[in-house]
Structures are given as structure tokens and as C-alpha cells.
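Colleague: dropping the sequence and predicted coords here.
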Amino acid sequence: MWPKLVFAVSGLFGFAITFCGTIGAKAGECIPGPRDVTAFPAWLSNLTEWRHSTLVKLKYNGSVYDKFLLWTPSTFTSPQVMAHDRYLYDPVQGEYTVEKFLNDFKTRSNAPPVPPSRTLILSYFHLYNRYNGVDSILLWHSYPNIGIDNRNQFDMLRSLPGGIDGVHSLVEQFHSQGVKVLFPYNPWDQGTRNEGKMDYMTLTELLKQVDADGFNGDTMSYVSQDFWSQSVKNNHPLAIEPEGGPQETTLHYTKMGWGYWKFEFIPCVDTYKWLEPRHITHICERWQMNHTNNLQNAYFNGIGFVSWENVWGIWNGMSDRDAQALFRISTIMRYFSHLLVSSDWEPHTPTLQSGVYASKWPGDHETLWTLVNRLPSDKTGNQMEIEVDHTWSFYDCYHGTELENVKKTSANGTVAVQKTIVSFPIEALGYGCFFTIDPSKENTTLKSFLAHMSALTKKPLASYSTEHVVLKQTMVVNEPSMHHSATPDGMVKIPASLFNFTVHGIEIEQGNHLGVDFQYLWEQAPQVYHSHLTNISAFYIDKYPVTNSQYKEFVRKSGYKPKDTMNYLHDWSSNGSYPDGWDKKPVTWIDIDDARSYCKSLDKRLPNEWEWQYAAQGMDNRMYPWGNSWDSKRVPTPVKGRDLPGPADVDSHPSGASTFGVQDMVGNVYQWTNEFMDEHTRKAVLRGGSYYQPQGSHWYLPQPYRLDEHQKFLLMAPGMDRSATIGFRCAADVA
């Protein structure tokens, strides 16, 4: 999750090496190519010498690739996936929907044509030319919600629907579709509940229990060998994928990594794949809206791409062109995966046209070339002059055609090897594939593959849209309550007003872009900053958040029990009683539907966010219920340790009341207000902040203590959504 950091130093190759990593990561994950064709021989010689000396120094033998996890080199398409994605979990049915999720990546042949005047902001129901499935997924469950209470990253995994057994079933559903599953490890999570043992022990045990295939080391430039050794000891070896890529010294047990590369015009060479051809990097640029650089560099290097679209609940979907490009190159890379681990890989093998760059992948009786055109103009005609056995067959494996007009420029006596010029087109900012093979080694799959590529590439990439689509959101309406003619007990009447509702989100990663935060009824798209003159009718609101004693009375009278009871009233005893002395503490471990049910039982409803803010802020736009300066004496003392003692009594800080006399609005427990959803994500608006402030990392969920701030909380399932620090209060309509 780090931002990029770029270093430039002089390397042993006699030219500047651009180190493209992340803050704290080891530099050097991307080696610049030669400046031109004339520099290629010396460049390749130096690069080969460096590889040899480095592997000797490391005493590297590659045994981990021979013994364990043979699947990793061919995981070319690997999205990071939010566990909260509505395509992956159906909260109504209470079940995982893996088939629906995976089908979203596949081509829809019955898709209607995209209108040429397609608007940028749509009610979006799929990109119709998707990218041909995935090889592995990184299933993300912790950030950005982690820090809402003291559940650590492992507790949040345990809180996924069905608990550990449910997660195991989810993983097996992916496995049945040939998809490997990784989970995140957040090393910065040292401020929440202490497991009482080392993280590497907890993580490897949990991932064995759910039959996961590996983990991504979030923010890590390398992962210590303890994790690998423990997974082997557990008889469940895990693929390790540090976000910052590995270090040279960890290459013998780190088979994967992410790449945050600085993209120059000339493609760079993956350092770790150069050292170990079976190592796979997944190039990642999650906020990018044009992935041409990512895809071309991945294809050139024979490595992977993080097709990340649901970014912390914000949809940054791939454009039609990017999705189609990924479809094509992933088809090629999967078919030729056995060649993309060639120990004789020759990056930047010479080409004949400026702006076209190639990698050569030799094998037994066959050789593959992958090419990229870095220029915004088509390249036709002669592409390469190569030495090859003239008795072999030649194929343009991008367009799926056999090349029969190959020009032989010279012969070597009676030997069959000849210099040969090959010609085929490569479109602007596009891709090429050339393959030659001994005809006696061909099989029927080659013909089928070529036929598939021929059909797939009939339409040029340039004809696909590059527009970025922003998902529209729908607000789940808080249905009107019964209209009360008199102020209900425990409520405060708030007068009607034309209220200047001004608020903004405080998500850690957002930027002021369309698609981030929420979309209110009067807005055309989700956005971070909101300001609207809102006509608010008079309403009632609870003076205090709902307490444990009030909720217990509701349960006694109604017999209410949610369908999904995971973490429901988690801090109450099994006999339905809250801890002694907690009568006036706000009830927590209640999801938004539990809160709605309580309010409805009293002919009330949840407050809309603008009503909540008006009741807290009054008409003078103050920053806090009591004024414009923070006063710690008016709120509970924050808890900064790893254990939670419980919130304060709701009436313990009367000096924190708003101008309307509404109390406990800020700093005790977050409070449910509105829910929003788009096609992929449900999210709720939390107001007021809580008493819990986990320490040690800025990645924990920020607190919206100010009245012009709100927090977006991703919703998934009751067990995940219920929290020790989220409570609620009700509102009601005035007759």
C-alpha cells in the first residue's frame, strides 16, 4: 500500500539504473534496457555476468522451485479482490458466489454494442469484453476497516462468513475452478488484539486451516524466512509475495512479488526474473486508468499483472481496451508458459523497427518471441532478422496465422540454420507474437490456439474504448417512521431548517476523484466533498445512543434474533446478559440491520446523515457539538492499548451536548446512519468516531471526530460488520 519511491544510481552495467520500488523496499527491481541495438551485445554480456556472479554469491540452487509450489510461474493474471465485493458474497442468501464472481472476468459473446457516445458515468453492468479469467487472487479482508475495533487481522479473517470453515469452503470453490488463493499479511497491525504468539505462527496456521496457497506481505520489501520455514514445518508450504518485491537474499524462498515500476519508453527487465526465470512479479498500479505500460512491460518480461479493479470499495475498472489487451496477452502467455521460464531468455533481442522491443524465449525445438510496440503508430513490414532452422514452421502467434513468405537472407553452408527476416503487423501501442517450431514437434493444440488467436484479434485494440467508467451509487432509503404528534420518551425535537450540509470523507486512500466516497440523492456521481442546502423537516432524535439495557428490553419483548448471529452482541454472555455495570453503555456489536430492527420496533428509524449532523452541529457550522475547538474533557478518554474495556456511559459527558441538547455524539461510539451501494460494494456512513485509537500505524481506520467529516465503512456480512465500537441512535418523524 506504499506510495512509490524512485532512486537513480550508477550500476555495474556502466549506465544509470532506475530503482523502482516502494518506500522501505529494496531498490533494483527493474533494470533498464540497452539504449539502442548497437549497445545490446555489451549490455547482455554484462547482465549475464552479473547474474552469474550474484547467483554464485548467493549460493543459489533454486531447489524451492523444483520441490514446492510449481504453479507460481504461470499466475499471470492475479487481481486483488475485496472480500466485500457483492459478486463474491450474497448477503441476502448468506452465501459465497464464486462462480458469479469468476464469470465476471470472462467474455460475454452476447453483449450489445457499446454506443460511440458512451457517457463516462454509467449505471454500470459489466465490461462486455473482459479479460479471460484469472490464475490466482489476493483475497483482501482487513484494510481499510481494520482499526474499527481491536480485532486484529487474523480475527477479521475469522469473522468472514462461516468463520474458518466457511473460508475453507470459499477457497475450495476457487480451487475447483483452477484459481489459487492468497490472503494478505499486514505487518503494521501491531496495535490491535495481541494473539500471544509470533505472527508467522498464527498466519501460517490459519492459512493451512483454510487451505490457502500463499500470502501477500503488505508494505513489505521482503518477508523473513520464519514464515516460509514455519509453513514447511506445518506441511503446508505457502507462496510468499512481498508487496515490495523480494530481496536477492530471499529469492531462494520467495517465488512471487509485486512490482511498482517506473515506466520508461524502453521496457525494463525484471531483476528477479532475470536471476531466476521461474520467479514471477505481478506489476501493480491500482489507481491507474490506462494500463498500457503495465501490460506491455508484463508481456515483455513474461510476468504477471495485478488486475485490481475494486480498490478498497472504489471501482477503478479496466477500460475495454485494457481488458481486451489483457485477454489477448494472457491467452498467449498461458499457452506458452513453459517457454516463459526459459533459462536462455534474451530480453531486448534486436528488432528492425524503432519503438518495437522483443524478448526471445528459446526452448527445445521451438522458440517464442514476445514483442511490444511502444509508439502510438502501427508498425508493419519487417520486424526481426533472426537465425533459425529454415525447415521449421513460422507463425504470427498474435494474429494466429502461419507465415509462409519468410525471407531467407543468408545461408551457413550446408547447415539448415539461416538468417531470416520475419514480417507481420503490430498495431499502435500493441503486441506481437512470433513462434517457430520443428514441424515434427507440433501438436493439435497449436492449431486450436492459433485459430483462437485469429478470431480474438480480428478487431484491432484501437477500436475498443479507453474511457473510464465510474459506478453510480444508490442510497438505501431509511424508510419514514410513524409520524409522532408528541415527543417520544428519551428523544429531542429538532426544528425544521434549511441546513447547509457540508461534509467530506476521510478515507486514507482517496484523492479528490469521481467514484470515491458517497453519492447522495442530489449528486451525479460519488465524490469526496459534499455541500448541499438541504430542506430538513422537523424530526425527533434520541438524546443518547441506544444502551445495553434498552436493547435487552427490545430483545425480551420482541424475541428478535438475526438470521446470522456471528459476533451478535459479542460482549454479552451466552445467556443474553451484558456485563455488570454496563446498563448505560451504548449497545455495540450490532450491524445496521439489527439497528434498523430495533428502531422499527419503536416506530422509529435510523437518522439520515444530514439529520444526524444537523442535530450535532446546529446552524452555525461548528466543528464539534460544543464549539469549534477540540476539548478532550467533553468526550471519553481514548483507549490506545490493545484491549477494549468498553465504551463510556452515554450520559457521562453532558458538557459535550449539542445546541439542541443531544448528547454523546462524538468520541464514544461510531453511529450508523445511511447505507449506499453500487454494483460491487455496499458501504455505510459512520459518524462521530469512537473511543478506540489503535496505535502504531497510519493505516488504521481514521476517526471522524469533526462534524464536517464522515467515515466510509465497507459492508459485507453481519459477522464482519458488527463491531465493538459501532452503536446507533434512532430518529422519528414529526406529525
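Modeller: Yep, that arrived.
Colleague: which residues pair with residue 181 across the strands?
Modeller: Note on residue 181: beta-bridge partners residue 137, judged by DSSP bridges.
Colleague: how near is it to residue 235?
Modeller: According to C-beta to C-beta, to the nearest Å, residue 181 and residue 235 sit 18 Å apart. From N, CA and C alone the C-beta is placed, and that goes for glycine too.
Colleague: which one's more surrounded, the two?
Modeller: residue 181 (23 against 7; other C-beta atoms under 10 Å).
Colleague: the more buried one contacts residue 215, doesn't it?
Modeller: No: counting by C-beta atoms under 8 Å, residue 181 does not reach residue 215; the two are 10.0 Å apart.
Colleague: where in the stretch 351-500 of the chain is pLDDT low?
Modeller: 405-417 (pLDDT under 70).
Colleague: residue contacts, the nearest residue to residue 311 once chain neighbours are set aside?
Modeller: Closest residue to residue 311 apart from its sequence neighbours, by C-beta to C-beta, 6 or more residues apart in numbering: residue 286 at 5.0 Å. Contact partners of residue 286, counting by C-beta atoms under 8 Å, 6 or more residues apart in numbering, are 80, 306, 308, 311, 316.
Colleague: residue 286 should be in a helix, yeah?
Modeller: No: Residue 286 is assigned coil when assessed by DSSP: H, G, I helix; E, B strand; the rest coil, not a helix.
Colleague: can you tell me how far it is from residue 317?
Modeller: Using C-beta to C-beta, one gets 12 Å for the distance from residue 286 to residue 317.
Colleague: likewise for residue 644?
Modeller: Residue 644 is 38 Å from residue 317, by C-beta to C-beta.
Colleague: so for those two, which residue has more residues nearby?
Modeller: Set residue 644 next to residue 317 and count neighbours by other C-beta under 10 Å: residue 317 wins out with 23 against 20.
Colleague: so where does that one fall, helix or strand?
Modeller: Residue 317 belongs to no helix or strand when assigned by DSSP states H and E.
Colleague: does it really touch residue 308, like I thought?
Modeller: No: using C-beta under 8 Å, residue 317 is not in contact with residue 308; the gap is 10.2 Å.
Colleague: now for these two: what residues contact both?
Modeller: By C-beta under 8 Å, 6+ apart, no residue touches both residue 317 and residue 308.
Colleague: can you pull up the most central residue in this structure?
Modeller: By C-alpha atoms, centre = their mean, the mean C-alpha position of the chain lies nearest to residue 80, the distance being 3.9 Å.
Colleague: contacting residues for it?
Modeller: Residue 80 makes contacts with 137, 138, 140, 216, 284, 286, 306, 308, 311, as judged by C-beta under 8 Å, 6+ apart.
Colleague: thinking again about what came up before, ok, of the contacts of residue 286, which one's closest to residue 439?
Modeller: Checking these against residue 439 with C-beta to C-beta, the nearest one is residue 306 at 38.4 Å.
Colleague: which one of the contacts of residue 80 is nearest to residue 427?
Modeller: Using C-beta to C-beta, the contacts of residue 80 come closest to residue 427 at residue 306, 24.7 Å.
Colleague: please enumerate the strands of the stretch 351-500 of the chain.
Modeller: In the stretch 351-500 of the chain, the segments counted as strands under DSSP state E, counting those that start in this stretch are 356-363, 366-373, 382-389, 393-396, 401-402, 407-412, 415-423, 431-437, 470-471, 474-476, 483-484, 491-494, 497-505.
Colleague: now these in CSV, with distance to residue 573 and mean neighbour count?
Modeller: Formatted as CSV, the strands of the stretch 351-500 of the chain follow (distance: least, C-beta to C-beta, whole Å; neighbours: other C-beta atoms under 10 Å):
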stretch, distance to residue 573, mean neighbour count
strand 356-363, 64, 20
strand 366-373, 63, 24
strand 382-389, 74, 17
strand 393-396, 71, 21
strand 401-402, 72, 14
strand 407-412, 84, 10
strand 415-423, 76, 16
strand 431-437, 62, 23
strand 470-471, 43, 24
strand 474-476, 33, 15
strand 483-484, 35, 14
strand 491-494, 30, 20
strand 497-505, 37, 18
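Colleague: tell me which of those strands sits nearest to residue 44.
Modeller: Nearest of the strands of the stretch 351-500 of the chain (C-beta to C-beta): strand 356-363, 10.7 Å.
Colleague: contacting residues around that closest one?
Modeller: Outside strand 356-363, the residues that touch it by C-beta under 8 Å, 6+ apart are 33, 266-267, 300-302, 336, 338-340, 342, 344-351, 367-375, 379, 383-384, 426, 432.
Colleague: and with 7 Å instead?
Modeller: Residues from elsewhere that reach strand 356-363 (C-beta atoms under 7 Å, 6 or more residues apart in numbering): 266-267, 300, 302, 338-340, 342, 344-349, 351, 367-374, 379, 383-384, 426.
Colleague: now it against strand 366-373, angle please.
Modeller: Relative orientation of strand 356-363 and strand 366-373, computed by axes from the mean of the first three to the mean of the last three C-alpha atoms, to 10 degrees: 160 degrees.
Colleague: now what about stretch 513-526, what contacts it?
Modeller: With contact meaning C-beta under 7 Å, 6+ apart, stretch 513-526 is reached by 121, 314-315, 470-473, 475, 505, 507, 510, 527-528, 530, 532, 676, 685, 712.
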